[in-house]
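Peer 1: What follows is a predicted structure for the sequence shown.
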Amino acid sequence: MSITYFEKERIFKLDTPNTSYMIGLVDEENFVGHIYYGKRLAGHEAGYLMRTQEPPFVPSKNNRERCSFYDCFPFEYPTGGLGDYRDSCFSLRTANGNVGSSLSYVSHKIYGGKPALEGLPATFGEADTCDTLELICEDKHAGIEYVLIYTAFKDTDAITRSVRIRNIGNEPFYLTKVYSACIDMDNKDFDMITLHGSWARERHIQRKTLGFGMQGATSFRGKSSHQNHPFLALVTKNTTQETGEVYAMNFVYSGNFCAQAEVSQFDSVRMAMGIHTENFCWKLECGKSFQAPEVVMVYSATGLDGMTTAFHRLYKKHLIRGEYKDKKRPILINNWEATYFNFDTEKLLSIAREASKLGIEMLVMDDGWFGKRNSDNCALGDWYVNEDKLQGGLKYLVDEVNKLGMKFGIWFEPEMISPDSDLYREHPDWAIAIPGRKATESRQQYVLDLSRPEIVDYVYERVASVLRSANIEYVKWDMNRELTDLGSYCLPADRQGELYHRYVLAVYELQDRLTKEFPHLLLENCSGGGARFDPGMLYFSPQIWCSDDADAIERLSIQEGTALIYPLSTMGAHVADCPNHTVGRVTPFETRGIVALAGTFGYELDVTKIPQADRDMIPEQVAMYHKYNDLVRQGDYYRIASYSENHQYDCWEVVSEDKKEALVTYVQVLNRPNFKSRRIYLKELDANKLYRIEGEEAVYSGELLMYAGLQVPNPWGDFQARLIHLIEA
Ligand code: GLA
């Protein structure tokens with residue numbers, strides 16, 4: 001068992017291969033306190049850290065100073081309103097309007113494996129890979145049962161947490177805040193790392209000093225968003241890729257979130273994560289439960305590399321599911337940047353014919369195939385094939401593509417409704433809107449009110465019936481706007497505050513149904529590029545479109561930030577046209593291929609129109625993908641240099657688990673005069689193995705390559721990329 005309860009000391013200890021986490025029960029009132037999270041410990045005698053002998057720490061004997069106790073005790077799950085003035089994880093309003101709650105331990109369960117979370121995506125594992133602790137706690141006065149759920153993994157350094165709340169009282173109450181996880185710890189003079197961005201500029205890494213007071217990252221856009229990411233890391237000042245202590249949290253949820261760190265008057269830190277409180281109010285009837293989404297916690301004593309490895313291993317083994325979990329994905333060509341809305345059957349077939357000759361394996365038909373959708377201002381919701389465009393129908397097109405030996409994929413934006421659509425004309429109340437107020441449009445569209453089961457069923461049936469009508473093997477599920485005007489025509493007044501969360505639950509339900517009915521389908525999530533790239537969506541789709549910006553140089557920072565947490569196999573990455581449609585930059589075709597190789601790999605251009613020299617390169621790129629994709633997908637990823645930090649070059653490496661093979665990618669952004677080569681230091685090779693660089697005679701030892709380095713010749717020109725393939729000699 002990786003989880004033990006030490007009855008005498010009243011301490012719970014959770015172990016992963018390199019980390020330990022300790023929780024203590026304190027005082028007659030059974031407060032649940034956080035003791036330790038850090039390097040793995042052999043012993044557990046850390047109860048002295050609960051300071052139970054010091055005056056404010058025995059509230060049952062010292063009610064006079066109870067407020068001092070509340071305001072500094074390191075709570076495992078802080079509740080609010082009774083004297084803890086740090087931001088709490090939980091608040092409610094009772095039927096008679098009161099707030100304030102406490103939490104006391106009642107009992108616990110420890111068992112092998114991990115429970116599923118009702119209605120929510122979550123990591124999974126059996127008893128051979130993880131153990132679970134449930135701390136059952138109560139507030140008798142308010143009639144609340146809290147179940148704090150912890151799972152410790154045995155094969156990766158991750159601990160997951162979530163909370164289930166049950167109304168055990170005699171009246172309904174309203175949950176106004178239910179965060180999922182919290183760590184109350186001493187401030188080790190931390191810096192804070194978050195990921196920020198915008199459309200076409202997702203997940204850029206930001207590091208800054210953690211100051212007193214509240215700071216963090218949030219979204220209340222109804223999705224995890226382009227702008228902020230449900231991720232937060234507190235790192236000691238000496239943290240680099242290889243050194244320093246890292247405490248990280250990532251939210252397995254795709255809607256509103258709050259990721260925060262508050263430094264208190266006593267220089268302790270409360271790091272917390274959960275559903276954002278903006279317009280959140282959940283009515284909980286007697287006997288009913290509310291399940292909060294899961295947070296993944298990672299501690300690394302070996303810098304950001306250690307953190308990244310833990311997240312990647314967890315997500316590869318314990319989050320991503322389905323047929324493509326461990327499988328190479330077909331190389332696709334998507335017609336969005338090739339044609340936008342201007343296509344028909346013949347145009348798509350001309351792309352497919354050329355693509356199939358070059359070795360591309362799947363045609364994806366993007367936006368514009370349904371209703372009267374000839375521009376982005378109409379027809380969302382009218383999921384009927386436009387046979388003026390697709391002459392002969394969808395099945396004919398798919399069959400023709402299949403005859404070329406290619407698979408066929410299709411784009412949907414199922415959660416939306418255009419004001420100019422047959423669906424809206426028929427059901428104007430189906431859009432999320434405040435009754436009587438004109439709703440805000442974005443990309444000239446509204447969002448469907450997925451809190452209504454009949455709308456969820458409609459959406460599902462439309463998508464599924466298209467998929468049933470032909471041999472469609474891939475779906476790109478898009479979501480191109482934020483939620484505004486939070487109102488539902490159907491929810492009662494005291495449940496309107498449930499809309500944001502019900503919406504996310506419905507998206508999960510839809511994708512759950514879809515992946516069950518079509519188990520062979522390759523699903524790729526997307527949201528105006530990468531605005532919903534989060535572990536919640538990864539549970540349903542093994543890959544997510546990373547960004548609408550496919551420029552090879554912009555992608556360096558986007559993919560670096562994304563790969564800080566998520567495996568390379570999840571990052572949708574394509575070779576796109578030049579000048580690039582987002583930034584107008586011209587980069588070599590070869591460089592675009594090498595940068596896309598670090599993701600799922602595909603094309604987003606009109607292959608019948610690109611220069612012949614570029615077209616000629618595609619079969620080589622296809623071969624490169626087939627040669628390296630197993631390694632890229634399955635190997636361990638390490639960052640060697642960051643262009644966003646050094647403003648000169650980018651470099652990363654993937655090493656196979658047996659360390660017999662490694663692939664280094666080196667991208668020089670702007671060339672510099674009189675500069676012949678640069679030394680890079682490889683990582684995590686076997687120091688005792690000998691490696692040969694493919695295409696060269698020389699053999700180098702692993703230790704030399706790691707500690708003395710490798711001299712990379714300076715490529716000629718700007719935006720140049722090189723692959724260095726090391727094989728055990
Ligand atoms: C979003 C996606 C794009 C494309 C368009 C279609 O922006 O990110 O890849 O599918 O929608 O409208």
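Peer 2: Sure, I can see it.

Peer 1: quick one: Phe173 and Ala95 touch, right?
Peer 2: Yes - under the criterion of C-beta atoms under 8 Å, Phe173 is in contact with Ala95, at a separation of 6.2 Å. C-beta coordinates here come from the backbone N, C-alpha and C atoms, glycine included.

Peer 1: neighbour-wise, which of the two wins?
Peer 2: Neighbour tally, Phe173 and Ala95, criterion other C-beta atoms under 10 Å: the higher count belongs to Phe173, 23 against 13.

Peer 1: Tell me the bridge partners for the more buried one.
Peer 2: For Phe173, the beta-bridge assignment (DSSP bridges) gives partners Leu284.

Peer 1: Run a quick neighbour tally on whatever residue of the stretch 551-700 of the chain ends up closest to the ligand.
Peer 2: As assessed by C-beta to the nearest ligand atom, the ligand sits closest to Glu604 within the stretch 551-700 of the chain, at 7.9 Å. When neighbours are defined as other C-beta under 10 Å, Glu604 has 25 of them.

Peer 1: if I look at it, how far off is Glu7?
Peer 2: 60 Å (C-beta to C-beta, to the nearest Å).

Peer 1: Contacts for the longest helix along the chain next, please.
Peer 2: Looking across the chain with DSSP state H, the single longest helix is helix 612-634. Residues outside helix 612-634 that contact it (C-beta atoms under 8 Å, 6 or more residues apart in numbering) are 316, 326, 328, 331, 354, 358-360, 567-569, 575, 589-590, 593, 597-598, 601, 603, 607, 654, 656-657, 661, 663, 723, 725.

Peer 1: So Arg692 is in contact with Leu705, correct?
Peer 2: No - applying C-beta under 8 Å, one finds Arg692 not in contact with Leu705, separated by 11.0 Å.

Peer 1: quick one, phi psi at Gly497?
Peer 2: For Gly497, the backbone dihedrals are phi -70, psi 0 (criterion: degrees, to the nearest 10).

Peer 1: number of nearby residues for the closest residue to it other than its chain neighbours?
Peer 2: Of all residues beyond its chain neighbours, the one nearest Gly497 is Cys281 (2.8 Å), with distances taken as C-beta to C-beta, 6 or more residues apart in numbering. A count of nearby residues for Cys281, using other C-beta under 10 Å, gives 18.

Peer 1: I'd say Cys281 and Tyr174 touch.
Peer 2: Yes - the criterion here is C-beta under 8 Å, and Cys281 meets it with Tyr174 at 5.3 Å.

Peer 1: quick one: common contacting residues for those two?
Peer 2: 93, 494, 497.

Peer 1: list the contacts for the residue in the stretch 101-250 of the chain that the ligand sits nearest to?
Peer 2: Relative to the ligand, the nearest point of the stretch 101-250 of the chain is Trp199 (8.3 Å; C-beta to the nearest ligand atom). Trp199 makes contacts with 226, 528-529, 531, 548, as judged by C-beta under 8 Å, 6+ apart.

Peer 1: now with 10 Å?
Peer 2: Trp199 makes contact with 226-227, 480, 527-531, 547-549, 582, according to C-beta atoms under 10 Å, 6 or more residues apart in numbering.

Peer 1: just Lys609 next, same as before
Peer 2: Residues in contact with Lys609 (C-beta under 10 Å, 6+ apart) are 338, 350-351, 354, 577, 615.

Peer 1: Need the buried ones from the residues you listed selected in PyMOL.
Peer 2: To isolate the buried members of the contacts of Lys609 in PyMOL, using 16 or more other C-beta atoms under 10 Å:
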select buried, resi 338+351+354+577+615
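
Peer 1: Phi first, then psi, for Arg502.
Peer 2: Here is the backbone geometry of Arg502 (degrees, to the nearest 10): phi -60, psi -40.

Peer 1: Repeat that for the one 10 residues further on.
Peer 2: Dihedral angles phi and psi of Asp512 (degrees, to the nearest 10) take the values phi -70, psi -50.

Peer 1: Kindly report the same for the one 5 residues further on.
Peer 2: Summarising the backbone geometry of Glu517 under the convention degrees, to the nearest 10, its torsions are phi -70, psi -30.

Peer 1: Glu509 contacts Val456, correct?
Peer 2: Yes - using C-beta atoms under 10 Å, Glu509 makes contact with Val456 at a distance of 6.4 Å.

Peer 1: who's more crowded, these two?
Peer 2: Val456 (22 against 15).

Peer 1: pretty sure the more buried one is in a helix, no?
Peer 2: Yes - judged by DSSP: H, G, I helix; E, B strand; the rest coil, Val456 forms part of a helix.

Peer 1: quick one: it and the ligand, what's the gap?
Peer 2: For Val456, the distance to the ligand (C-beta to the nearest ligand atom, to the nearest Å) stands at 22 Å.

Peer 1: Can you tell me, leaving aside adjacent residues, what's nearest to that residue?
Peer 2: Closest residue in space to Val456, ignoring its immediate chain neighbours: Ala506 at 5.1 Å, by C-beta to C-beta, 6+ apart.

Peer 1: and after the helix or strand where the one you found lies, which helix or strand comes next?
Peer 2: According to DSSP states H and E, Ala506 maps onto helix 499-517. Using DSSP H and E, the helix or strand that follows helix 499-517 in sequence is strand 522-525.

Peer 1: Just list what that next one packs against, helices and strands only.
Peer 2: Secondary-structure packing of strand 522-525 (3 or more C-beta pairs under 10 Å, 6 or more residues apart in numbering; DSSP states H and E): strand 332-334, strand 407-412, strand 474-477, helix 499-517, helix 535-538, strand 543-545.

Peer 1: For the fourth one, list every residue counted as buried.
Peer 2: It stands for helix 499-517. In helix 499-517, counting by 16+ other C-beta under 10 Å, buried: 499-508, 510-511, 514-515.

Peer 1: any chance of these in a markdown table, plus pLDDT and distance to Tyr474?
Peer 2: As requested, the buried residues of helix 499-517 are exported to a markdown table (pLDDT from 0 to 100; distance: C-beta to C-beta, whole Å):
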| residue | pLDDT | distance to Tyr474 |
| --- | --- | --- |
| Leu499 | 98 | 31 |
| Tyr500 | 98 | 30 |
| His501 | 98 | 29 |
| Arg502 | 98 | 29 |
| Tyr503 | 98 | 25 |
| Val504 | 98 | 24 |
| Leu505 | 98 | 25 |
| Ala506 | 98 | 23 |
| Val507 | 99 | 19 |
| Tyr508 | 99 | 20 |
| Leu510 | 98 | 17 |
| Gln511 | 98 | 14 |
| Leu514 | 98 | 12 |
| Thr515 | 98 | 13 |
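
Peer 1: Grab the nearest non-local neighbour of Pro115.
Peer 2: Thr132 (6.6 Å).

Peer 1: check contacts around the residue nearest to Gly497.
Peer 2: For Cys281, the contact set (C-beta under 10 Å, 6+ apart) comprises 92-93, 174-177, 494-499, 501.

Peer 1: what's the residue in the stretch 301-450 of the chain that the ligand sits nearest to in contact with, if anything?
Peer 2: Nearest residue of the stretch 301-450 of the chain to the ligand (C-beta to the nearest ligand atom) works out as Asp367 at 3.5 Å. Asp367 sits next to 335-336, 340-341, 373, 375-376, 379-380, 411-413, 476, 478, 480 when contact means C-beta under 10 Å, 6+ apart.

Peer 1: Need the per-residue pLDDT for Thr19.
Peer 2: Note on Thr19: pLDDT of 98.

Peer 1: To what extent is it buried, counted in neighbours?
Peer 2: By other C-beta under 10 Å, 25 other residues sit near Thr19.
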